[in-house]
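Asks: below: sequence and its predicted model.
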Amino acid sequence: MVKRQRFTAEFKREAVRLLDAGERPASEVAIDLGIRRNQLYKWKAEQVRSGELSFPGSGRKHADQDSEIVRLKRELARVTEERDILKKAAAYFAKELP
């Protein structure tokens, strides 16, 4: 089984720069870099679409952020419920005082 290759953002930007230079055909650039030509075009499209924000890194970061968001939402719901209970208790005890 072939291990999936991972490329740095710098590598991807340099590959797109070589493609944009137009000195050599895309197929030749891809062969020299050891990647497929369609991957080179995908990287170019992403850089055009996202500019400097393209190639942020591993997709796992998004999954980590999503799980953190879910955890924080649960905690917020719990704390909000506690606050509401305390408000009701304070109002109840305020009525009982002479």
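Replies: Arrived safely.

Asks: so, low pLDDT: which residues of the protein?
Replies: 1, 57-63, 98 (pLDDT under 70).

Asks: quick check: residue 9 touching residue 55?
Replies: Yes - the criterion here is Cβ atoms under 8 Å, and residue 9 meets it with residue 55 at 3.8 Å. Just so you know, the C-beta spots here come from the backbone N, C-alpha and C atoms, and that holds for glycine as well.

Asks: quickly list the domain ranges of this structure.
Replies: 7-56, 58-98 (automatic domain parsing).

Asks: pipe these into JSON lines and attach mean neighbour count per row.
Replies: Output for the domains of the chain, formatted as JSON lines (neighbours: other Cβ atoms under 10 Å):
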{"stretch": "domain 7-56", "mean neighbour count": "14"}
{"stretch": "domain 58-98", "mean neighbour count": "9"}
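
Asks: which elements pack onto the helix or strand hosting residue 68?
Replies: Using DSSP states H and E, residue 68 maps to helix 60-96. In terms of contacts (3 or more Cβ pairs under 8 Å, 6 or more residues apart in numbering; DSSP states H and E), helix 60-96 is packed against no helix or strand at all.

Asks: got a list of contacts for the helix or strand where residue 15 lies?
Replies: Using DSSP H and E, residue 15 sits in helix 9-21. Taking Cβ atoms under 8 Å, 6 or more residues apart in numbering as the criterion, the residues outside helix 9-21 that touch it are 7, 24, 26, 29, 33, 35, 40-41, 43-44, 47, 54-57.

Asks: hmm, try it at 7 Å
Replies: Contact with helix 9-21 is made by 26, 29, 33, 40, 43, 44, 47, 55, as judged by Cβ atoms under 7 Å, 6 or more residues apart in numbering.

Asks: right, I'll call it a day here.
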